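Participant: sequence unknown, structure follows:
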């Protein structure tokens, strides 16, 4: 039986939160319901948009993230996960206010790449403009060139796939968002990317490894693997 209690600082976004919980369920080796981890989710979708905050166009999400984390603390969780990659920009400020550890998906991603793709020299990132402009991945990915979409492709393909009227955050996980992300991925591959990172959790909801000719890594898959192994 798995006695660890896992918390999710959720709502960023709601579907990404639900998908993270599903990843935990599917990655747990069980014979019956009672073998699963207890998972407590604070799904506060009212936490301000992370990209807007990074670009100085909106309210900071830090207080909402801390509030959710403290709620999880009170309920006895042993470890917290954040389903939003962009929100990792604020993770250090949030962690300072909590006694429970927050698993940093980007730190674990760097370790994963070094272990399983040691010869990789260039990776492509599909992420929100906030993540791209903040150079968030550059904080954690070491000794590897990071390739990003050119400005027009970032706005017209990646951001449109995530935030567009028919985008993922509007509830669409097929059709246009997938087509746009495949095109953006192929552009990164043409620029030399040997590996594609789903650098926004919504990207991982839509884009799957069989859609592109190079390996695709969802940092949330890595985070779940580490959390369940008890390596933090």
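Facilitator: Looks like it arrived, so ask away. All values derive from a computational prediction rather than experimental measurement.
Participant: what segments of this structure are strands?
Facilitator: Taking DSSP state E as the test, the strands found in the chain are 5-10, 38-43, 79-81, 122-126, 145-147, 195-198, 216-217.
Participant: quick one: the second one to strand 5-10, angle?
Facilitator: For strand 38-43 against strand 5-10, the angle by axes from the mean of the first three to the mean of the last three Cα atoms, to 10 degrees is 20 degrees.
Participant: what pairs with strand 38-43, parallel or antiparallel?
Facilitator: When pairing is defined by DSSP bridges, strand 38-43 lines up against strand 5-10 (parallel).
Participant: what about the partner strand, distance to the chain center?
Facilitator: With Cα atoms, centre = their mean, to the nearest Å as the basis, strand 5-10 stands 14 Å off its chain's centre.
Participant: do stretch 15-29 as well
Facilitator: Worked out by Cα atoms, centre = their mean, stretch 15-29 lies 13 Å from the chain centre.
Participant: which residues touch it?
Facilitator: 2, 6, 8, 10-11, 35-37, 39, 41, 43, 81, 83-84, 168, 171, 173, 201-202, 204-205, 220-221, 224-225, 227-228 (Cβ atoms under 8 Å, 6 or more residues apart in numbering). C-beta here means a position set from N, CA and C on the backbone, and glycine is covered the same way.
Participant: please enumerate residues in contact with stretch 126-135?
Facilitator: 50-55, 85-86, 89, 125, 136-137, 148-149, 154-155, 158-159, 162, 181, 184-185, 188, 196-200, 203, 207.
Participant: between the two ends of it, what distance do you get?
Facilitator: 12 Å (Cα to Cα, to the nearest Å).
Participant: may I have the phi/psi pair for the residue nearest to the spatial centre of the chain?
Facilitator: Nearest to the geometric centre of the chain sits residue 85, at 3.5 Å (Cα atoms, centre = their mean). Per-residue torsions, residue 85: phi -70, psi -40 (degrees, to the nearest 10).
Participant: that one against residue 201, yeah?
Facilitator: Yes: using Cβ atoms under 8 Å, residue 85 is in contact with residue 201, at 5.6 Å.
Participant: show me whatever sits in contact with both of those two.
Facilitator: What both residue 85 and residue 201 touch, as defined by Cβ under 8 Å, 6+ apart, is the set residue 220.
Participant: pull out the buried members of the contacts of stretch 15-29.
Facilitator: Neighbour counting with 16 or more other Cβ atoms under 10 Å marks 6, 8, 10-11, 37, 39, 41, 43, 81, 83-84, 168, 201-202, 204-205, 220-221, 224, 227-228 as buried within the contacts of stretch 15-29.
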